[in-house]
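K.L.:
only geometry, no sequence info:
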């Protein structure tokens, strides 16, 4: 995510210095064969410490090697610390997919083209595996991740543009690519593929609650003794590689250990449900 220091963007820069709204999750498999959800979605999140408001912001989308040729304007959005905002996008086939998105905060309208031509269907029809999505402070067409109006930029899969040293992990019809930590301005490090977890504003936790929940999830994020220790009852545990492959599933009781001796050394993403809230944690197995 970039901070804006132009005269016109001074207020936005001040707001984002303390409360940062970023792209938190991208799912382009909606309506594809084998898809989980009927629609694509983009989830925003305030990862800062105070409330922030977006006004006249846009989302812009491009194919993995294409230009940003279409956009739609977002309504005025105010998010408190830790809140998410779920945006429903298009669908490859409205009759495919198994599940409706849970109460999206905003259903995207028919996108507007920067050039000639018109669109006829609502929302971006995003690629399930490779593409570029950008959160922009205004309606000016984006050309690079470092443009002054870029608030956050995510290139995923084989995208030819991205923040940092590489693109976010490639999603699929059944996986999204989602933020796994803060924002280091490096898509390759900040995102991992895994089961989609769309969360509208009403279904998210404040930062203090989220921190407490995560502290009761995985107790040893550096796994040295072949076991992951959990601090509470956790349902529907899934362990993913950073490319999105599920390598282990389980459910555990508070204080229980999950043996992962069969897993190779390296980084993994652990997801699960604690007190009816989805939680994820990156771990390193030694």
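P.N.:
Structure received. Since the model is a prediction, treat every value here as computed from it, not as a measurement. Numbers count the residues shown, from 1 in each chain.
K.L.:
Can you tell me which helices and strands the helix or strand that contains residue 238 packs against?
P.N.:
Assigned by DSSP states H and E, residue 238 falls within strand 234-240. Packing partners of strand 234-240 (3 or more C-beta pairs under 8 Å, 6 or more residues apart in numbering; DSSP states H and E): strand 191-194, strand 246-252, strand 266-274. Every residue, glycine included, has its C-beta placed from N, CA and C.
K.L.:
Can you point out the buried residues in whichever helix or strand comes after the second one?
P.N.:
Next helix or strand after strand 246-252 toward the C-terminus (DSSP H and E): strand 257-259. Buried residues in strand 257-259, counting neighbours by 16 or more other C-beta atoms under 10 Å, are found at residue 258.
K.L.:
same for strand 257-259, what does it pack against?
P.N.:
Secondary-structure packing of strand 257-259 (3+ C-beta pairs under 8 Å, 6+ apart): strand 227-229, strand 246-252.
K.L.:
okay, these, which one's buried deepest?
P.N.:
Ranked by average neighbour count under the criterion mean count of other C-beta atoms under 10 Å, those are headed by strand 227-229 at a mean of 19.
K.L.:
for the nearest residue to residue 186 once chain neighbours are set aside, phi and psi?
P.N.:
Nearest residue to residue 186, sequence neighbours excluded (C-beta to C-beta, 6 or more residues apart in numbering): residue 164, at 2.8 Å. Main-chain torsions, residue 164, degrees, to the nearest 10: phi 80, psi -140.
K.L.:
any idea which helix or strand comes after the strand or helix carrying residue 133?
P.N.:
For residue 133, the host element (DSSP H and E) is strand 131-136. Counting by DSSP H and E, the next helix or strand C-terminal to strand 131-136 is strand 150-156.
K.L.:
Might one say that residue 270 is in contact with residue 283?
P.N.:
Yes: if you go by C-beta atoms under 8 Å, residue 270 and residue 283 touch, sitting 5.7 Å apart.
K.L.:
which residues touch residue 252?
P.N.:
Shown in contact with residue 252 (C-beta atoms under 8 Å, 6 or more residues apart in numbering): 230, 233, 234, 237, 258.
K.L.:
Just the closest of those residues to residue 131, please.
P.N.:
For the contacts of residue 252, the closest approach to residue 131 (C-beta to C-beta) belongs to residue 237, at 29.8 Å.
K.L.:
For the closest one, list each beta-bridge partner.
P.N.:
With DSSP bridges as the criterion, residue 237 is bridged to residue 250.
K.L.:
which residues touch it?
P.N.:
By C-beta under 8 Å, 6+ apart, the neighbours of residue 237 are 248, 249, 250, 251, 252, 258, 270, 271, 272.
K.L.:
Need the helices and strands packed on strand 234-240 in CSV (columns: mean pLDDT and distance to residue 91).
P.N.:
Shown next, in CSV, are those (pLDDT from 0 to 100; distance: least, C-beta to C-beta, whole Å):
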stretch, mean pLDDT, distance to residue 91
strand 191-194, 93, 20
strand 246-252, 88, 25
strand 266-274, 81, 25
